[in-house]
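1. Sequence below, structure please.
(4 chains)
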Number of protein chains: 2
Amino acid sequence: MRHGITHFKDLLGGEGYSWTRARSAVLTVLSTVPRPLRAEEIHRALRDARINLSSVYRALRLFERLKVVHRVELGEGAARYELADDYRDHHHHLVCDACGRIEDVAACPVEAAGLTRHIRKRTGFAVRSHVLELFGLCRACRRDAR
Amino acid sequence: MRHGITHFKDLLGGEGYSWTRARSAVLTVLSTVPRPLRAEEIHRALRDARINLSSVYRALRLFERLKVVHRVELGEGAARYELADDYRDHHHHLVCDACGRIEDVAACPVEAAGLTRHIRKRTGFAVRSHVLELFGLCRACRRDAR
DNA sequence: TCGATTTTGCAAATTATTTGCAATATCCGC
DNA sequence: GCGGATATTGCAAATAATTTGCAAAATCGA
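-> Numbering: from 1, shown residues only, chains lettered A, B, ... in the order given. This is a model prediction of the structure:
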């Protein structure tokens, strides 16, 4: 698992991209906050740095292309972004229907069930990646509901 | 597994909603085409019926609330809609990165791996539903790529 | 440090989706 | 089947997230 801002700088340089204030700032936020953030939230976290929201979107788009960042869609209208699997452990999300809190789960049933192989054998489809989001009630909201 | 347009009519009536041309038309399309469709595609399929795109969106939103329809987000910018699990077998999607084709898979690793129970025990989070989309190359595109 | 090249900020454009409102369809009791 | 109370539609305009054009500013490599 690679990490550290320096690594990202080298990565961008190696791909012919500049290491800019905006890109560095966005990566710092994403490396710091351990949950998927909306562009708007990243922008807000960066208010002191005076980075334009467009630049945040541009940085995120670039990082997605470079597989540094992974886009998460939870049906909220806006997308969320987090560091890609290469920079964090592979994980999925538990999204609470009541309070909106997002927790990570390390358990991956796609791997556990050998689904990729099964599908390849049955249908010829070669699975390269997957998205799994789990919705329900977190412990706290379950308690409140009683 | 319930089905048939008549069932939907009764369901809407039972909930105090009218059975209208637009709603019936949208449900007919969704019952006919076996893959998740965008609002735009449903609208196009209905061009002869002269149903407004807004009405398609309104119908979809209502059906989602009534759990007749399920929204699918594949990171394409526009959402897709298909009949909900209660009206089709539970399934997931194989989305081809190359041609965009969407196939269904019946295998569900969340069930197979007993993930819901595992999570409940470990974290207290009660999983109520999940979204799993698989991306990769379909057999045809894999062949072409060689 | 300097010029070539990239990137940013800002404002305007785009795209999917939602909404206000008058006109129309549906439903229900007669 | 009819008539009116109520729900729904069409249309145009509004939103909200995201993208883009362009001139100004930052970055990079020599």
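
2. Every contact and neighbour count from this point should use C-alpha atoms.
-> Noted.

3. outside of the strand or helix carrying A:Arg122, which residues touch it?
-> Element membership for A:Arg122 (DSSP states H and E) is helix A:115-123. Helix A:115-123 is contacted by residues A:Val110, A:Phe125, A:Ala126, A:Val127, B:Val105, B:Ala107, B:Pro109, B:Arg139 when judged by C-alpha atoms under 8 Å, 6 or more residues apart in numbering or on different chains.

4. Contacts only, for the first one.
-> Residues in contact with A:Val110, defined by C-alpha under 8 Å, 6+ apart, are A:Thr116, B:Pro109, B:Val110.

5. likewise the third one?
-> Taking C-alpha under 8 Å, 6+ apart as the definition of contact, the neighbours of A:Ala126 are A:Thr116, A:Ile119, A:Arg120, B:Gly136, B:Leu137, B:Cys138, B:Arg139, B:Arg142.

6. Show me what the fourth one is bridged to.
-> Just to be clear, that refers to B:Gly136. Beta-bridge partners for B:Gly136, by DSSP bridges, are A:Val127, B:Cys96.

7. Can you read off the pLDDT for it?
-> If you check B:Gly136, the pLDDT there is 97.

8. State the distance from it to DNA strand D.
-> Separation of B:Gly136 from DNA strand D (C-alpha to the nearest atom of the strand, to the nearest Å) stands at 21 Å.

9. just the second one next, same as before
-> Between A:Ile119 and DNA strand D the computed distance is 31 Å (C-alpha to the nearest atom of the strand).

10. do the first one as well
-> Distance check for A:Thr116 against DNA strand D: by C-alpha to the nearest atom of the strand, it reads 29 Å.

11. Also the third one?
-> Computed as C-alpha to the nearest atom of the strand, the A:Arg120 to DNA strand D distance reads 31 Å.

12. which of the contacts of helix A:115-123 tops the neighbour count?
-> A:Phe125 (25 neighbours; other C-alpha atoms under 10 Å in any protein chain shown).

13. my guess is that residue contacts B:Cys138, does it?
-> Yes: between A:Phe125 and B:Cys138 there is a contact under C-alpha atoms under 8 Å: 4.3 Å.

14. before we move on, the earlier item: CA atoms of the helix holding A:Arg122 as PDB?
-> This file holds the C-alpha atoms of helix A:115-123, laid out as PDB (Å, rounded to 0.1, in the frame of the first residue of the first chain):
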ATOM      1  CA  LEU A 115     -17.900 -14.300  -7.200                       C
ATOM      2  CA  THR A 116     -15.500 -13.200  -9.800                       C
ATOM      3  CA  ARG A 117     -14.500 -16.700 -10.800                       C
ATOM      4  CA  HIS A 118     -18.000 -17.900 -10.700                       C
ATOM      5  CA  ILE A 119     -19.200 -15.200 -13.100                       C
ATOM      6  CA  ARG A 120     -16.200 -15.600 -15.400                       C
ATOM      7  CA  LYS A 121     -17.000 -19.300 -15.700                       C
ATOM      8  CA  ARG A 122     -20.700 -19.000 -16.100                       C
ATOM      9  CA  THR A 123     -21.000 -15.900 -18.300                       C
END
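
15. Next one, pLDDT for A:Arg71 please.
-> The predicted local confidence for A:Arg71 is 97.

16. What of A:Thr6?
-> A:Thr6 is assigned a predicted lDDT (pLDDT) of 86.

17. that older thread, quick one: buried ones out of the contacts of A:Ala126?
-> Burial by neighbour count, 16 or more other C-alpha atoms under 10 Å in any protein chain shown: within the contacts of A:Ala126 this picks out A:Thr116, A:Ile119, B:Gly136, B:Leu137, B:Cys138.

18. any idea how far the fourth one lies from B:His92?
-> Separation of B:Leu137 from B:His92 (C-alpha to C-alpha, to the nearest Å): 15 Å.

19. Same question for A:Glu133.
-> 12 Å.

20. Then A:Arg35?
-> Separation of A:Arg35 from B:His92 (C-alpha to C-alpha): 25 Å.

21. Compare those two and say which is more crowded by neighbours.
-> Set A:Arg35 next to B:His92 and count neighbours by other C-alpha under 10 Å: B:His92 wins out with 20 against 17.

22. Read off the pLDDT value for that one.
-> At B:His92, pLDDT is 98.

23. go on, A:Arg2?
-> 63.

24. and the nearest residue to A:His43 once chain neighbours are set aside, how many neighbours does it have?
-> Nearest non-adjacent residue to A:His43, counting by C-alpha to C-alpha, 6 or more residues apart in numbering or on different chains: A:Leu53, 5.8 Å away. Using other C-alpha under 10 Å, A:Leu53 has 18 neighbouring residues.
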